[in-house]
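> Give me a 3D structure for the following:
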Amino acid sequence: MSDLQPIPAAPGTAVSRRDFLAVSAGSLALTVVDSCCQSAAADKLGAHHIPIDKNLDKAWVDSLFAKGQTKVYRGDELTTIGMPIGGTCAC
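Okay, the predicted model is just below:
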C-alpha cells in the first residue's frame with residue numbers, strides 16, 4: 001500500500017497538486033468505466049438468452065410433473081432428516 005494522506009477538508013487549506021491529480025484521475029476513470037458498462041448492458045437489455053426449444057426428452061419432462069409415491073419416515077429414520085429453511089446462509 002502507499003502512504004497517501006487524505007485530502008484536508010478544512011476551508012482555506014491547500015490541496016497538493018499530487019492529491020488533486022489523483023482524485024481527478026480517479027473520478028475520470030470511474031466515469032469512463034461506468035459509461036462503458038452501461039452501453040454494453042443496454043445492448044443486451046431485453047434480449048432472450050434462453051432458447052425456447054431446449055431439446056429435452058419429453059418423457060423426462062413429464063416425469064418431473066408426475067405424482068410420486070408418499071414415503072413415511074418413522075423411528076430412527078427421523079434422526080437423519082434435515083430441512084434447511086432460510087437459504088444457503090441460514091444458521
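> where does this structure dip in pLDDT?
Applying pLDDT under 70 to the chain flags residues 1-13, 34-48, 84, 87-91.
> Going along the chain, name the helices of it.
Under the criterion DSSP state H, the chain contains helices at 17-44, 58-65.
> Please export the C-alpha coordinates of stretch 16-31 as CSV.
What follows is stretch 16-31 as a C-alpha-only set of coordinates in CSV (Å, rounded to 0.1, in the frame of the first residue of the first chain):
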residue,chain,number,x,y,z
SER,A,16,-1.3,19.4,-3.1
ARG,A,17,-1.1,19.0,-6.9
ARG,A,18,-0.5,15.3,-6.4
ASP,A,19,-3.7,14.8,-4.4
PHE,A,20,-5.7,16.9,-6.9
LEU,A,21,-4.4,14.9,-9.8
ALA,A,22,-5.0,11.6,-8.0
VAL,A,23,-8.6,12.5,-7.2
SER,A,24,-9.2,13.9,-10.7
ALA,A,25,-7.8,10.8,-12.4
GLY,A,26,-9.9,8.5,-10.2
SER,A,27,-13.0,10.4,-10.9
LEU,A,28,-12.4,10.4,-14.7
ALA,A,29,-11.6,6.6,-14.6
LEU,A,30,-14.9,5.9,-12.8
THR,A,31,-16.8,8.0,-15.3
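> who touches A29 in this structure?
Contacts for A29 (C-beta atoms under 8 Å, 6 or more residues apart in numbering) come out as none. Just so you know, the C-beta spots here come from the backbone N, C-alpha and C atoms, and that holds for glycine as well.
> roughly how far apart are it and V15?
A29 sits 19 Å away from V15, going by C-beta to C-beta, to the nearest Å.
> Same question for V32.
In terms of C-beta to C-beta, V32 sits 23 Å off from V15.
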